[in-house]
Structures are given as C-alpha cells and as structure tokens.
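Trainee: Sharing a model that was predicted from the sequence below.
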Amino acid sequence: MFVHYQGSVLGLLTWQWRAFALFLGIATVVTVLDRVAGVRWIEVDTLPLAVLGGAIGIFVSFRTNSCYDRWWEGRRLWGQLVNTSRHFTTQLLSYTERVDDAVRERQHAIVRRHIAYVHALRCALRGQDPFEDADVKRFVPEAEREALRSESNLNHALLHAQGLALVALSDAGHLDPYRLQSLDRSLATLLDVQGGCERIKRTPFPPGYGFLASRLTIIYAALMATGIVGQVGWATIPLVALVCMGFTLISEVGRVLEDPFTMFWPALPLTALSTTIEINLRQRLGETGLPPLPKPDEKGILM
C-alpha cells in the first residue's frame, strides 16, 4: 500500500504503455488521413462524443468505486482482526484463575497459536504456502505443522485447536463458564473476519466490466479523433491520448483494487498488520527480542 506516493506521470504511462501507444496510433492515423490525405468525410459532429464520453466516465467510475469498496472492506476486516486479537489475549490472560507455571505455559501456547493464525491467514489470502512461511514456522511446532498439512482450511483448524484448549482450561477449573463464553464469542468474531476475507478473495469482480471499459475506450479514441480533428488539427493526437488514458487509468485503478490481498503496490499491508499483532501480543506475554515495527520502503510502499 502506498503510504506516500513517489511516482510520476511517466511512471503511469510506462505502467500502461500499450494502451498509450494504441491511443496515439489511432489518433495519428485519423489526423494524417484528415490533414495530409485530405479525407474530410471522416469528420463527425462532437455532440455524440459528449454523450458517449459521459457514459464511459460513469461506467469506469462505477467499477473503480465498487472495487474500492472491496478494498476498504478488507481493511475494515483486518482492523477488526487487530482489535479482536488484542482483546482475545487480554481476556485469556486476565480471566484465567489459579495460574501456576503449567497454566501460564498453556496461556502462552494459546497466544502463540493465535499469532500463527494471523500469519497463516496472511499467507492464505496472498496465495502463499503457510508451511514455508518463516513466521508460521516460528509459532507452530514442527509436529503440529505436520499434523495440520492435511487440513483443507488451516486457519479453521487453528481456531478449532484454540477452542479445544480453552475448553480444557475451563474443565480444569481455570476458566469460569461465563468467561469461557466470552472467549468463545471472540473466536466467533475471528471466524467471521476470516470468512469475510475469504469471500472477497474468492469472489472476483465481474470481468465483463473491465472488458467493456477497455473496448469502449478504444472506440471512443477513434470517434473523438474524428470529432475534433477538424477544429484542433495536429493537437488531436495528444488530446485523444490524454483523455483516453484518463479513462484507462481510472479503470485500471479499479482492477488493482479488486483484490486487496495481493502483493501489488495498492494492496493492503498484511505483513505490517500481522507483524503489529505479533508485537502487541508478545508484549502482553512479557517477551523481548520483538521484531521492529514495519515501515514503508524507499518508494513509500508498506506491505
């Protein structure tokens, strides 16, 4: 995610250089036919262009706004994950009764499993192998990792293990039943967050919107060139490229926001968020040697 943008107009044109070259080519062909070859019949009235341009602008804006809603929902879900993780840890450490070294070890195991859950969710949403992730390996013992390899949903399996561990604490008389119920609600919230993230990840935005937006913009490039070449002459080439690149870039912003969990630059900073959760929870355990707080790189991108 961009924390502070350090790009340039040239960078945007380089990003979409194929579309830029196509619009320049279309405008150049129309302008040469009109100005050099004298083919005046290609000139059309500008009124239809205004109607079509407005329709395309509304169309690509709708797609971008809808994809931004998906991105923002993903950020809200991870914000809820941060808060629930902190609350769950505070509940566990403060609700447990008659704490001795053995119980404290069980508390720490539950908190560390939750940290593993957060890192595993990050891996799952980014399409990475959680069993090869260094952070997951640090918080899940090797024997437990091997037992989890056959699970169809690793995160659900980790939450299931958390529930069993909490019930065991309650059965041993270390958790009041009402407090166990409160912890169970926290687990349910975590499962809701996970489900919301999986819904966004596994439900792509209808591809027809992007296809139509790109094709309509190409058609508009040709029509705009024929509509203004009679009045502005050679200035048609940069004007057509500028207007159509505007439509293209707005549409492409929607495309890259469609999946907020990728490793592309506008995606959510899941590594930073999961590391923040790890730091907060390990501090509650009194641990030292914590990882540093994540910071943006030299390009202003925080992942």
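Mentor: Okay, I see it. Numbers count the residues shown, from 1 in each chain.
Trainee: contacts, neighbours, all on C-alpha from now
Mentor: Fine.
Trainee: Next SSE downstream of the lowest-mean-pLDDT helix or strand in the chain?
Mentor: The least trusted helix or strand in the chain, going by mean pLDDT, DSSP states H and E, turns out to be helix 9-15, with a mean of 68. Heading C-terminal from helix 9-15, the first helix or strand you meet, by DSSP states H and E, is helix 17-35.
Trainee: buried sites along that next one?
Mentor: 19-20, 23-28, 30-34 (16 or more other CA atoms under 10 Å).
Trainee: next SSE after it?
Mentor: By DSSP H and E, the next helix or strand past helix 17-35 is helix 47-95.
Trainee: helices or strands next to that following helix in the packing?
Mentor: Secondary-structure packing of helix 47-95 (3 or more CA pairs under 8 Å, 6 or more residues apart in numbering; DSSP states H and E): helix 101-125, helix 177-202, helix 207-232, helix 236-257, helix 270-284.
Trainee: Would you mind getting the angle between that helix and helix 236-257?
Mentor: Put simply, helix 47-95 runs at 30 degrees to helix 236-257, going by axes from the mean of the first three to the mean of the last three CA atoms, to 10 degrees.
Trainee: Now render the buried residues of helix 17-35 as a markdown table, adding pLDDT and distance to Trp78.
Mentor: Formatted as a markdown table, these follow (pLDDT from 0 to 100; distance: CA to CA, whole Å):
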| residue | pLDDT | distance to Trp78 |
| --- | --- | --- |
| Ala19 | 87 | 35 |
| Phe20 | 85 | 36 |
| Phe23 | 90 | 40 |
| Leu24 | 90 | 42 |
| Gly25 | 93 | 44 |
| Ile26 | 91 | 45 |
| Ala27 | 91 | 45 |
| Thr28 | 93 | 48 |
| Val30 | 88 | 50 |
| Thr31 | 90 | 51 |
| Val32 | 91 | 54 |
| Leu33 | 87 | 55 |
| Asp34 | 79 | 56 |
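Trainee: Need the phi and psi values for the residue nearest the centre of the chain.
Mentor: The centroid of the chain falls nearest to Pro260 when counting by CA atoms, centre = their mean (1.3 Å). Dihedral pair for Pro260: phi -80, psi 0, per degrees, to the nearest 10.
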